[in-house]
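**Student:** quick one: sequence plus predicted model below, questions after.
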Amino acid sequence: MPKRCLTFILFFLLKGGLVPLFSQPMDSLLRLPDDTVKLSMLKKQAVNLSEDDPDQCLVLANAGIALARKLKQPVTEGELYKAAGVAYDIKGNLDSCLLHHNTAKKIFTEQQQPTLLANTISDIALAYYLRGIYEVSLRNHFEALQLREKNGDKSLISKSYNNIGLVYRARKDYANAISYYQRSLALKRELNDSAGQLNSLMNIGSSFQYQRNYDSALYYSRQTLALSRLIHKPKDEVNSLANLGVAYAGLRQYDAAEKHLSEAYDKAVAIEYTEPLYSIYEGMGNMRLDRNDYSGALEWFNKGVMLASERKRREMLANYYHNLAECYEKMGDYNQAYNFVRNSESIRDSLLNEENLRQINEMNALYETSKKEETISVLNKEGKEKEAALVRSKRERNYFILAAVLFSALAAVAFYAYRNNRKQKELLNRQKEVIEKSLKEKETLLREIHHRVKNNLQIISGLLNLQSRQIENPEAQEAVREGRNRVKSMALIHQKLYQQDNLTGVNMQEYLHDLVHTIQQTFKDNNTVVQADIICNQLTLDVDSAIPLGLIINELVTNCYKYAFAGKDTGRIIITLEEEAKKLLMEVRDDGKGYPEGFDVQQPKSFGMKLIQSLAAKLEATIETENDKGAFFRLTVHNYQKG
């Protein structure tokens, strides 16, 4: 099992230590005679160095792999590939990591080594976990767990449960995290693994604390404190004291909270252990803030700011800034409060952007994994077909020779060929069924990706809506509303993609009706009754063509509602989208007051018209405008793709 982990104040991953043995320098080891003794030493050193010195590990692993092949030792070869995979993971090279781990998986599968196979799959899961690709990480953890449950090794099963809990905790799914931590704890109690029990109890308590379930957090923190003192774990004792203090503070039992936080602080300083200081400083400051001891609260919060800044812990720094803002607000110093609120929100916005990027990377990883699986399936099919063709070719040649020499055996040979060909057809039919099933799974995955993109765009639209409620400036509110409409126009496209059978093309007739309806809802409070007519044949466009066209139409129709019908009771908009002579014609016409005097579409002044110009350039389109009983806009698109 890998010994890598992420360490948090309230959250730990079991870490097994391996101490490198440098019985001989690396050069002298490589010069030893090529035998099983040298191979064993190469494997041992490569495994020991895989995390501490990945570069040297790779040198030893590559030498060991070549020797294992020479000596025909496939299991050792697989273990060396596994060590190299861990080394590449430490170096940050995910592709090489997965390549070596997958090679090890293949060897362990062929050699029927379920324990080593499960450990390798667990390493793959950890590689994805450390990069925030939680869905793929969970898949691999459950695959490893299934193998370990078949083997019945309770120690390894408990570690799988713990690691699955860690992934769920990272996804903020605390209910599932607690469930798997408790399963791990039950097995560790059966095994009398005190250190493992302490680890699981700490993880369970931290999950309850994240949920603000302070009664349960208090219960588990008391257990971890007693156990850490029993097995002499000073750092875990400090963490338990800090957790107790935070839990008591959450329950507003401030005397008990201060007692435990003070003891935790003294012990942490004594052993030079900084990790629990974040919660200690925050807990001490919050208690003093509740008691209106503002100078004391500021002292503790500023200590936290200094520590978080020094250690570059931005999430903690945002918390301390928020606490300082609350303190200054209660003191009546609103300028300072405002400054700290801005600092806190700035950091949290940055963290939110990083989380959004992580989710996008996770979706890309799921998509790339699907593509790789599909490619492997196609290559396997082609390889089998070529192999079958080669076998048939050789067999036909042999049949011809046998027919010339032994004509009397023709009937028997023909019967054999018929039976074998039937088996081949049955095999191909089974392979076809597997491929069709795989294709359906890939379509489901692509549909899910479009669904997630749509959901993320809706989240962005919701955030803009919330932000607009805090804005008092009408112009700023209008700008935010226009931004929301642009996001909605893109979200509609992804919604159409996952709701229909064609996952790559957008039915423009349906899309335009939905887009115009959405805009009408936005301006439903206007006094003008506007009729919108859409003329569009059954036209399906690729996503890269549909999105810019949708944004352009959104801008034009929005402008019609905003400016065309001022002072009128009724109005009409006509939207046309047709394909003609290998060109796409898009027109928007209204019967309003027309373009203002001096309007020049080639020299746009507003952001909306600049956006239209930019999108038109992407489509290699030309723009024409005129006043003809209202405003008329025509876009002739030369660069577009059908879906």
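**Tutor:** Okay, I see it. Numbers count the residues shown, from 1 in each chain.
**Student:** list the buried residues of stretch 94-108.
**Tutor:** Neighbour-count burial for stretch 94-108 flags Leu94, Ser96, Cys97, Leu98, His100, His101, Asn102, Thr103, Ala104, Lys105, Ile107, Phe108 (criterion: 16 or more other C-beta atoms under 10 Å). The C-beta positions use only the backbone N, C-alpha and C, and glycine is treated the same way.
**Student:** turn those residues into a markdown table, columns for pLDDT and secondary structure.
**Tutor:** A markdown table is the format used below for these (pLDDT from 0 to 100; DSSP: H, G, I helix; E, B strand; the rest coil):
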| residue | pLDDT | secondary structure |
| --- | --- | --- |
| Leu94 | 86 | helix |
| Ser96 | 91 | helix |
| Cys97 | 92 | helix |
| Leu98 | 91 | helix |
| His100 | 94 | helix |
| His101 | 93 | helix |
| Asn102 | 94 | helix |
| Thr103 | 94 | helix |
| Ala104 | 93 | helix |
| Lys105 | 93 | helix |
| Ile107 | 94 | helix |
| Phe108 | 93 | helix |
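**Student:** ok, these vs Arg430, which is closest?
**Tutor:** Using C-beta to C-beta, Lys105 comes nearest to Arg430 of the buried residues of stretch 94-108, at 23.4 Å.
**Student:** next structured bit after the helix or strand bottoming out on mean pLDDT in the chain?
**Tutor:** One helix or strand of the chain scores below all others by mean pLDDT, DSSP states H and E: helix 474-499, with a mean of 64. Where DSSP states H and E defines the elements, the next helix or strand beyond helix 474-499 is strand 505-507.
**Student:** can you give me the helices in the stretch 151-300 of the chain?
**Tutor:** Secondary structure of the stretch 151-300 of the chain by DSSP state H, counting those that start in this stretch: the helices cover 154-170, 174-190, 194-210, 214-230, 234-250, 254-270, 277-290, 294-311.
**Student:** packing partners of the first one?
**Tutor:** Contact partners of helix 154-170 among helices and strands, from 3 or more C-beta pairs under 8 Å, 6 or more residues apart in numbering; DSSP states H and E: helix 114-130, helix 134-151, helix 174-190, helix 194-210.
**Student:** which one of those helices lies nearest to Leu390?
**Tutor:** helix 114-130 (31.1 Å).
**Student:** what about that closest one, distance to the chain center?
**Tutor:** Centroid displacement of helix 114-130 relative to its chain, using C-alpha atoms, centre = their mean, to the nearest Å, is 18 Å.
**Student:** list the buried ones in that helix?
**Tutor:** Buried-residue list, helix 114-130, by 16+ other C-beta under 10 Å: 116-130.
**Student:** residues touching the nearest residue to Ala195 once chain neighbours are set aside, list them.
**Tutor:** The spatially closest residue to Ala195, leaving aside those adjacent along the chain, is Ile231, at 6.6 Å (C-beta to C-beta, 6 or more residues apart in numbering). By C-beta atoms under 8 Å, 6 or more residues apart in numbering, Ile231 lies in contact with Ser194, Ala195, Leu198.
**Student:** can you pick the most crowded of those residues?
**Tutor:** The most crowded member of the contacts of Ile231, judged by other C-beta atoms under 10 Å, is Leu198 (24 neighbours).
**Student:** burial measure for Lys582, as a count.
**Tutor:** Around Lys582 there are 7 residues (other C-beta under 10 Å).
**Student:** how far away is Phe633 from Leu549?
**Tutor:** In this view, Phe633 and Leu549 are 13 Å apart by C-beta to C-beta, to the nearest Å.
**Student:** so those two - more neighbours on which side?
**Tutor:** With neighbours defined as other C-beta under 10 Å, Phe633 and Leu549 compare such that Leu549 has more, 26 against 23.
**Student:** okay, and the beta partners of the residue lying closest to the more buried one once chain neighbours are set aside?
**Tutor:** Closest residue to Leu549 apart from its sequence neighbours, by C-beta to C-beta, 6+ apart: Met586 at 6.5 Å. Bridge pairing for Met586 (DSSP bridges) gives the partners Leu577, Leu635.
**Student:** next one: the one 4 residues further on
**Tutor:** Residues in a beta bridge with Asp590, per DSSP bridges, are Ile573.
**Student:** hmm, back to that, quick one: which of the contacts of Ile231 is nearest Leu32?
**Tutor:** Using C-beta to C-beta, Ala195 is the member of the contacts of Ile231 that lies nearest Leu32, at 37.4 Å.
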